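In: Output the structure for:
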Amino acid sequence: MRFYYASLLLLGSSNAFAPQALITNTPARTAPIYASKPQNENTVIDTLEAVDATVKGALSGMALAAALWVAPATMAGPMTSNFPSIASGNNVIASSVASAKEMASGSGTRVNKDPESLLRYGLPIKNKEVRQLQKSIEDIRINVQSKRKAAALDDLKKAKGIITKQESKMTASCREPKVCSDILASMKDKMTPLESTLNDSKDYMNGSDQERTALDSSYNTQDQIQKELTTLQEQMIPAGYETPVPDDYADLPLLRGRATVEMTLKKADGETFNIEGKLYNEANMKMIIDGYTSPVTGGNFVDLVQKGFYDNMDVQRADGFVVQTGDPKGEADGYVGTPSKSIGAGKHGERLIPLETYLLGDKGPFYESTIEDEGRGGEATVLPFSSYGALGWAREEYEPNTGSSQFFWLLFDSDLTPAGKNLLDGRYPCFGYVVEGADFLRDVKETDIIVSAKVTEGLDRLVQPK
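Out: Next up, the predicted model:
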């Protein structure tokens, strides 16, 4: 079953991620595109029926930009800005990292688009010193990318100072203080060659190969430090921590922590993926699935991956806004399995899961309602839809508990969807991010095939119903 071309993403109807079969009396690919006002105000932009998918995406993007310009009051925040990027090898690396306050609210001039940073901020830890260290380390990356070498060196100095002065306060939050102390020592050791390459880059002519080599080396060293930072923060999660889930959903698979899923896609016609002129026979993506913020949604997804549900399934929607899949062949709109007693089954026996939302500052997720239903519209979710390749769970437009197996990768530029300021956060669960291979999504098309999906780490954190 195919998905129709829904209303303009983020400013139109929330049915953009609903299965076609769950929306009635709507012809395929003929839904109108709306500006920022609701349908009943008659602000319909002409439909794009006769335009091919590529042009549709471009025109819809322009329509969105125009809507932002003519109706800024409908968007709850200022326009955001990008940082320039530098090339690293054959890839262009770009990300923006805001302060914890900006990132949480979606305010300010920068939006955090780095999936690994967002995952770090999503960890259930309480240690302000390590958050300060995180900001300094992540700001080094931003400044390396934009060639602000002096600023990067300043951030490096701050990070060193935090480790030196606040080590005892950070290790006190760790399950194993000695492990954290060793991690901090290793991070500090790597900061010496990082400082050296950053200083070298200052001595080279702007745009020279020598400068690029020095900055690439700085970027790679910073990346190693950043990965150790993640390990450090994971040590701060309290022993035995579990996100609270109501007993009503104990008969559904639950993910207690995080899992890694790797997917391989191929073209049905044997063609290659073209990413900025470089050809690949297959697309390989690595995703982190977050059970801290989405234990039910994440558990459902990891369970289906482990069952082989997505193997050899084709992509059913790829329109420049999202890539969506999970609709099996046949009359069912999702995975047919033993349903939850509290949620029930779909019309064809689909196992359904509740809408799951975890807002910043809460002690756990709430279920079966949107943030508007709860009177909390505009509040930020712990994991926002602000990264290219963010994973979201599809459901019927007006029914919160109709998700089964269909999910999407968000492709839209996060500059136009800041955390807490878009129509996705709090309406669809963001249950993880693509951390490697997200660029492949740019050339994923309908009928491309998921040849394999595997849980490569964290399967032991999947708890099956008793």
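In: Quick check: buried residues in stretch 336-354?
Out: 336-337, 339-340, 342-343, 345-346, 350-354 (16 or more other Cβ atoms under 10 Å). The way it works is simple: take the backbone N, C-alpha and C, and place the C-beta from them, glycine included.
In: contacts for it?
Out: Defining contact as Cβ atoms under 8 Å, 6 or more residues apart in numbering, one finds that stretch 336-354 is touched by 248-249, 251-252, 296-297, 300, 331-335, 367-368, 393, 400-405, 465.
In: Narrow these to those in helices?
Out: Residues of these located in helices (DSSP state H): Val296, Thr297, Asn300.
In: Now rank these by neighbours and give me the top one.
Out: Thr297 (31 neighbours; other Cβ atoms under 10 Å).
In: Any figure for the gap between it and Gly122?
Out: As judged by Cβ to Cβ, to the nearest Å, Thr297 and Gly122 stand 14 Å apart.
In: repeat for Glu167
Out: Distance, Glu167 to Gly122, by Cβ to Cβ: 24 Å.
In: of those two, who's got more company?
Out: Each of Glu167 and Gly122 has its neighbours counted (other Cβ under 10 Å); Gly122 has more, 23 against 18.
In: If we ignore the residues flanking it in sequence, what's nearest the most centrally placed residue in the chain?
Out: For the chain, the residue nearest the mean C-alpha position is Ala390 (2.5 Å; Cα atoms, centre = their mean). Leaving aside its sequence neighbours, Ala390 sits nearest to Leu410 (Cβ to Cβ, 6 or more residues apart in numbering; 4.5 Å).
In: Quick check: the one you found touching Tyr388?
Out: Yes. Using Cβ atoms under 8 Å, Leu410 is in contact with Tyr388, at 7.3 Å.
In: So which of these two has more stuff around it?
Out: Using other Cβ under 10 Å, the more surrounded residue of Leu410 and Tyr388 is Leu410, with 29 against 20.
In: Quick check: the gap between the more buried one and Ala453.
Out: For Leu410 relative to Ala453 (Cβ to Cβ), the value is 18 Å.
In: One more: Met191?
Out: 38 Å.
In: Compare neighbour counts for the two and give me the winner.
Out: Ala453 (24 against 19).
In: can you list the buried residues of stretch 336-354 in TSV and add distance to Asn312 and pLDDT?
Out: TSV is the format used below for those (distance: Cβ to Cβ, whole Å; pLDDT from 0 to 100):
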residue	distance to Asn312	pLDDT
Val336	17	97
Gly337	18	95
Pro339	25	95
Ser340	27	96
Ser342	32	95
Ile343	28	96
Ala345	25	97
Gly346	22	96
Glu350	19	97
Arg351	20	98
Leu352	24	98
Ile353	23	98
Pro354	29	98
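In: what's the closest of the residues you listed to Val144?
Out: Closest approach between the buried residues of stretch 336-354 and Val144, by Cβ to Cβ: Ile353, at 40.9 Å.
In: okay, and the helix or strand of the chain with the least pLDDT?
Out: strand 33-34 (a mean of 20; mean pLDDT, DSSP states H and E).
In: Give me the below-cutoff pLDDT ranges for this structure.
Out: 1-109, 414-421 (pLDDT under 70).
In: who's in contact with Asp314?
Out: Taking Cβ under 8 Å, 6+ apart as the definition, contacts of Asp314 comprise Ala268, Thr325, Glu446, Thr447, Asp448, Ile449, Ile450.
In: count of neighbours near the closest residue in space to the third one that isn't next to it in sequence?
Out: If the residues on either side of it in the chain are set aside, Glu446 comes closest to Ala318, at 5.1 Å by Cβ to Cβ, 6+ apart. Using other Cβ under 10 Å, Ala318 has 24 other residues around it.
In: which one in the protein is furthest away from the centre?
Out: Distance-from-mean max, the chain, by Cα atoms, centre = their mean: Asp203 at 37.4 Å.
In: Give me the neighbour count for the closest residue in space to Leu424 that isn't next to it in sequence.
Out: Nearest in space to Leu424, with sequence neighbours left out and distances taken as Cβ to Cβ, 6+ apart, is Phe385 at 4.2 Å. Residues near Phe385, counting by other Cβ under 10 Å, number 27.
In: again with Val451
Out: Val451, neighbours per other Cβ under 10 Å, totals 15.
In: Lys266 too?
Out: As a burial measure, Lys266 scores 18 neighbours (other Cβ under 10 Å).
In: again, but for Pro244
Out: Residues near Pro244, counting by other Cβ under 10 Å: 8.
In: surely it meets Lys363?
Out: Yes. Using Cβ under 8 Å, Pro244 makes contact with Lys363 at a distance of 6.9 Å.
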